[in-house]
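Peer 1: Whatever this is, show me its structure:
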Amino acid sequence: MFYGIIALIALGAILSGFFQVETAAAVVVQRMGKFQRVATAGMNFKLPYIDQIAGRIDLRVQQLALDVETKTKDNVFVKIPVSVQYHVIPEKVYEAFYKLANPKQQISSYVFNVILGHVPKMNLDDAFLQQSDIAIAIKDGLDDVMKTYGYAIDQALVTDIEPDEKVKAAMNEINAAQREQVAASARGEAEKILKVKQAEAEAESKALQGQGIANQRRAIIEGLKQSIEAFSAAVEGATAKDVMMLVLVTQYLDTIKEIGAQDKSNTLFMSHSPAAMGDLFRQLQDAVMIGQKAAGAGV
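Peer 2: Here you go, the predicted model:
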């Protein structure tokens, strides 16, 4: 009976020495208060009553989110959200457990130090443009510092730069004004191009119109020439001058007829007696003679 009790106690003690470590975790084992070893994932054993579990270390990636408030070179107060992702180096669990009591506090202090050393030297616009440079400076600096304590920095992200609400509203107004200026310039350029194209089209139209008028006049002259030749051949003794005057009178009468056919024209009855027609003929003849004299005089 006595030995049975002792056996049960011994068995319970042995079984209490077994412990399990989860994946992506590590357990620090101490013997009589002194570091003994690091237990990794799986089933492990420690000496009962002699070895103790000092602590568990999570090897997964962890994230620390911070909001850093500072002032830029042009005296604008900004809030900068920063996210730092880090993990314990499996080979340096001892350093992570014994050398650094509060890793989050250490990381936070360094992030504040880097941002306060960079952003106050920049204008607000430069800070927006150099977000990635600030993040790189944080990561590189933290890597060097935290490796000593068994931590690796996976990523440092400056997710945004948030100025004061009044400053943000003013920036939006400036951006809106600039966009309106660009749009107005684009509209002006489009109108300019349209006017140029219209002018080119109008010039081309007038050129074609002038060409048509010239062709029409050549055709009229050719027709008059043929009419004069035919009339001279048919009427004995008629000169080219007589035929020309007859054609002019005919064209004059046709023009009067066309004017009278217009909707808004007024009809005026003129004398159409032979004497009146003769007078019209003489007036046209005199006009032609005056034109010929002027041409001969070089006027």
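
Peer 1: mean confidence for the strand or helix carrying residue 183?
Peer 2: Counting by DSSP states H and E, the element that carries residue 183 is helix 165-234. Averaged across helix 165-234, the pLDDT comes to 74.

Peer 1: Go through stretch 206-214 and flag the buried ones.
Peer 2: By neighbour count with 16 or more other C-beta atoms under 10 Å, stretch 206-214 contains no buried residues. Where you see a C-beta, it was placed from the backbone N, CA and C, and this is true even at glycine.

Peer 1: how near is the spatially closest residue to residue 118 that is not a sequence neighbour to residue 85?
Peer 2: Using C-beta to C-beta, 6 or more residues apart in numbering and skipping the chain neighbours, the partner closest in space to residue 118 is residue 134 (5.6 Å). Going from residue 134 to residue 85 by C-beta to C-beta, to the nearest Å gives 16 Å.

Peer 1: for the chain, longest strand please?
Peer 2: strand 77-88 (DSSP state E).

Peer 1: List the buried residues in whichever helix or strand comes after it.
Peer 2: Following strand 77-88 in sequence order, the next helix or strand is helix 93-98 (DSSP H and E). By neighbour count, with 16+ other C-beta under 10 Å as the criterion, the buried positions of helix 93-98 are 93, 95, 96, 97.

Peer 1: Beyond whichever strand or helix holds residue 114, next helix or strand please.
Peer 2: Secondary structure assignment for residue 114, by DSSP H and E: helix 103-118. Next in sequence after helix 103-118, counting helices and strands by DSSP H and E, comes helix 124-129.

Peer 1: mind exporting stretch 140-155 as CSV, just the C-alpha atoms?
Peer 2: Extracted in CSV, the C-alpha atoms of stretch 140-155 (Å, rounded to 0.1, in the frame of the first residue of the first chain):
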residue,chain,number,x,y,z
ASP,A,140,16.3,50.9,-41.0
GLY,A,141,16.9,52.5,-37.7
LEU,A,142,14.6,50.1,-35.8
ASP,A,143,16.3,47.1,-37.5
ASP,A,144,19.7,48.0,-36.2
VAL,A,145,18.4,48.8,-32.6
MET,A,146,16.0,45.9,-32.1
LYS,A,147,18.2,43.1,-33.5
THR,A,148,20.2,43.5,-30.3
TYR,A,149,17.1,42.6,-28.3
GLY,A,150,16.1,39.7,-30.5
TYR,A,151,13.5,41.4,-32.6
ALA,A,152,13.3,41.9,-36.4
ILE,A,153,11.3,44.7,-38.1
ASP,A,154,9.3,43.4,-41.0
GLN,A,155,7.7,46.7,-42.1
